[in-house]
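Asker: sequence and predicted structure below; questions after.
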Amino acid sequence: MVDILIRNVDERVASRLKEIAEQRNTSVQQVARDLLASGTRLTREDIVRRIEARVARMKPQTSDSTDIIRAMRDGRIRG
């Protein structure tokens, strides 16, 4: 775990964090941890964009796997 110190938090923000903590019967620190965790999760759209970018960088497959599979089946090469 890492400790993070956040200075100069706006009074309204601090007050709201305290309200949420009281409602949840937990600490302000736990509320802040929960909010930080949820705010840094990747969205479905982020994941799709990352996958699309990775696929775009891949070279197209030009070989036919049929010959490789037949060679493995026949014992000419090992998989």
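Answerer: The structure has been received and is ready for your questions.
Asker: please, where are all the helices along the protein?
Answerer: Secondary structure of the chain (DSSP state H): helices at 11-24, 28-39, 44-57, 65-73.
Asker: closest to I4 out of those helices?
Answerer: Set against I4 and scored by Cβ to Cβ, those come closest in helix 28-39, at 8.2 Å. From N, CA and C alone the C-beta is placed, and that goes for glycine too.
Asker: can you list contacts of that closest one?
Answerer: With contacts defined as Cβ atoms under 8 Å, 6 or more residues apart in numbering, helix 28-39 is touched by I6, A14, L17, K18, I20, A21, R24.
Asker: run a quick neighbour tally on A32.
Answerer: 18 (other Cβ atoms under 10 Å).
Asker: against S63, how distant is it?
Answerer: 53 Å (Cβ to Cβ, to the nearest Å).
Asker: sorry, back to before: among the contacts of helix 28-39, which one sits closest to R76?
Answerer: Nearest to R76 out of those is I6 (Cβ to Cβ; 63.6 Å).
Asker: contact partners for the closest one?
Answerer: A32.
Asker: quick one: the worst-scoring helix or strand of the chain on mean pLDDT to chain centroid distance?
Answerer: Across the helices and strands of the chain, mean pLDDT, DSSP states H and E gives its lowest value to helix 65-73, namely a mean of 89. From the chain centre to the centre of helix 65-73 is a distance of 37 Å (Cα atoms, centre = their mean, to the nearest Å).
Asker: give me the phi and psi angles of D10.
Answerer: For D10, the backbone dihedrals (degrees, to the nearest 10) come out as phi -60, psi 140.
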